[in-house]
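> sequence and predicted structure are below.
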Amino acid sequence: MDILNINLNLLKSFWAVYKTGGIIKAAKILDVAPPAVSYNIKQLESQLGVKLFNTHKRGTDPTADAKTLFPLVENAFESLLKVNDQLCPSDSGTIRVGVSAMIMTVILSKFFSVFKTKYPNIKFELHHHPKNDYLTMLENGEIDVAVMQISRKPAAGYIITKITTLDTTFYTSKKFAAANKIGNEITMEQFKKLPFVMFSKSRTMYNKLEETFGGKITAIEVPSSFAAFYMVMDGQGVGYLHEQSLDVQGNDQIVKFKIAGLPPLPNAVIDCISDKKSAKIVALFIRELKEYHAKK
């Protein structure tokens, strides 16, 4: 079977089922009925002469042949999207982006400069939510795309694209470290005696930390990540943050440390979330952002 003769819709169904892990979820992304997706998968399996998915109650699992095929199909689709952009350019308009100040600093600031040079007619409106609840803003139509750590699943009909992963660490100021005998590593007993400063609305970080600690943590809660950082650097305690966020500060007074015996700290996954029916310039923005961070 010559794969060039395969209907593109069959490959789109395969791509969607592989990405979402189920027929129903794939149908929502493609905006078609689930039976149509099932039919397309069966047609593709018949034409290729291989089984692509094993179906069970919770969804589908890709076979070895599917795992071989998927990166080839995804690369082909990305190439087709680039051709589509060249033939039908989406190089003007405004994108409303929901993003926290910290993620803006680490993820978007340098990218914007590169993007604006390449697409000078695309403008951005940056929107901030005091509780970091950008998913609600997105679902209410207040923004076009959210760049964030996801704390809950978005409503049906939204696409999640992983942009990058940030490392996390405990940190404090040199002044506080010297006064409290904090080196590169301290014990859990030492840590529990220290004032721990955290952004009050950063539920994703809280949840991941509590998983790592194996129980509830007590912290001095402040209204923003920046407030937490400046309190820590003022010598008022210790904090927990993305290493990249600390690195961009360029501050030689920062001390990073570990807690002995603690499991590896969970990384922070930064995603873009958008409506599957978003304008083409939103898809262009997400694709360029993903490629930018993949090259770093």
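Structure received. Residues are numbered from 1 along each chain as shown.
> any idea of the mean pLDDT for the helix or strand harbouring S46?
Taking DSSP states H and E as the definition, one finds S46 inside helix 34-48. In this model, helix 34-48 has a mean pLDDT of 92.
> and that helix, what does it pack against?
In terms of contacts (3 or more CB pairs under 8 Å, 6 or more residues apart in numbering; DSSP states H and E), helix 34-48 is packed against helix 8-20, helix 23-30. In this view, the C-beta of every residue, glycine as well, is placed from N, C-alpha and C.
> in a markdown table, list those along with distance to N40.
Output for those, formatted as a markdown table (distance: least, CB to CB, whole Å):
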| stretch | distance to N40 |
| --- | --- |
| helix 8-20 | 4 |
| helix 23-30 | 9 |
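> S109 is nearest to which of those helices?
helix 8-20 (29.3 Å; CB to CB).
> for that closest one, which outside residues touch it?
23, 25-27, 29-30, 36-37, 40-41, 43-44, 47, 52-53, 60, 62, 66, 69-70, 73-74, 76-77 (CB atoms under 8 Å, 6 or more residues apart in numbering).
> can you give me the strands in this structure?
53-56, 59-62, 93-99, 122-127, 145-148, 158-166, 168-173, 185-186, 197-199, 220-222, 239-242, 254-259, 268-275 (DSSP state E).
> roughly how far is the third one from the heart of the chain?
Here the centre of strand 93-99 is set off from its chain's centre by 16 Å, with CA atoms, centre = their mean, to the nearest Å.
> can I see the domain layout of the chain?
Listed domain ranges for the chain are 3-86, 90-164+269-294, 168-266 (source: automatic domain parsing).
> what average pLDDT does the last one get?
Mean pLDDT, taken over the full extent of domain 168-266, equals 89.
> that one: end-to-end distance?
When the termini of domain 168-266 are compared using CA to CA, to the nearest Å, they are 7 Å apart.
> and it, how far out from the chain middle?
22 Å.
> what of the shortest one?
Taking CA atoms, centre = their mean, one finds domain 3-86 lying 23 Å from the centre of the chain it belongs to.
> may I see the helices and strands packed on helix 34-48 arranged in CSV, with mean neighbour count, distance to Y134 and mean pLDDT as well?
As requested, the helices and strands packed on helix 34-48 are arranged in CSV below (neighbours: other CB atoms under 10 Å; distance: least, CB to CB, whole Å; pLDDT from 0 to 100):
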stretch, mean neighbour count, distance to Y134, mean pLDDT
helix 8-20, 20, 22, 89
helix 23-30, 20, 21, 84
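> figure out which of those helices is closest to T117.
helix 8-20 (30.9 Å).
> what is the neighbour count of the closest residue to F111 other than its chain neighbours?
Take F111 and drop its neighbours on the chain: the residue closest to it by CB to CB, 6 or more residues apart in numbering is Y292, 5.0 Å away. Y292 is flanked by 17 other residues according to other CB atoms under 10 Å.
> what residues of the helix holding S46 count as buried?
37-38, 40-41, 44-45, 48 (16 or more other CB atoms under 10 Å).
> do the same with stretch 268-283
So for stretch 268-283, counting by 16+ other CB under 10 Å, buried means 268, 270-275, 278, 281-283.
> chain center to that stretch, what's the gap?
10 Å.
> re the thing from before, wait, which of the buried residues of helix 34-48 is closest to R152?
So of the buried residues of helix 34-48, ranked by how close each gets to R152 (CB to CB), first place is V37, at 25.9 Å.
> isn't the closest one right up against L30?
Yes - the pair V37 / L30 is scored as a contact, 6.7 Å apart, by CB atoms under 8 Å.
> bridging residues for P62?
Following DSSP bridges, P62 is listed with bridge partners F53.
> what's the distance between it and K28?
19 Å (CB to CB, to the nearest Å).
> quick revisit: which of the buried residues of stretch 268-283 sit farthest apart?
A268 and I281 (27.0 Å).
> model confidence score at L81, please.
67.
> residues touching the nearest residue to S245 once chain neighbours are set aside, list them.
Once flanking residues are discounted, S245 sits nearest to V106: 5.2 Å by CB to CB, 6+ apart. Applying CB under 8 Å, 6+ apart to V106 gives the contacts 166, 242, 244-245, 248.
> what do you get for H127?
96-99, 134, 137, 142-143.
> so it bridges to which residues?
Applying DSSP bridges to H127, the residues it is bridged with are G98.
> would you quantify the distance from it to L265?
30 Å.
> check E288 too.
30 Å.
> can you get me a residue count around F170?
F170 has 23 nearby residues by other CB under 10 Å.
> G237 is in contact with that one, correct?
No - look at F170 against G237 with CB under 8 Å: they stay out of range, at 10.8 Å.
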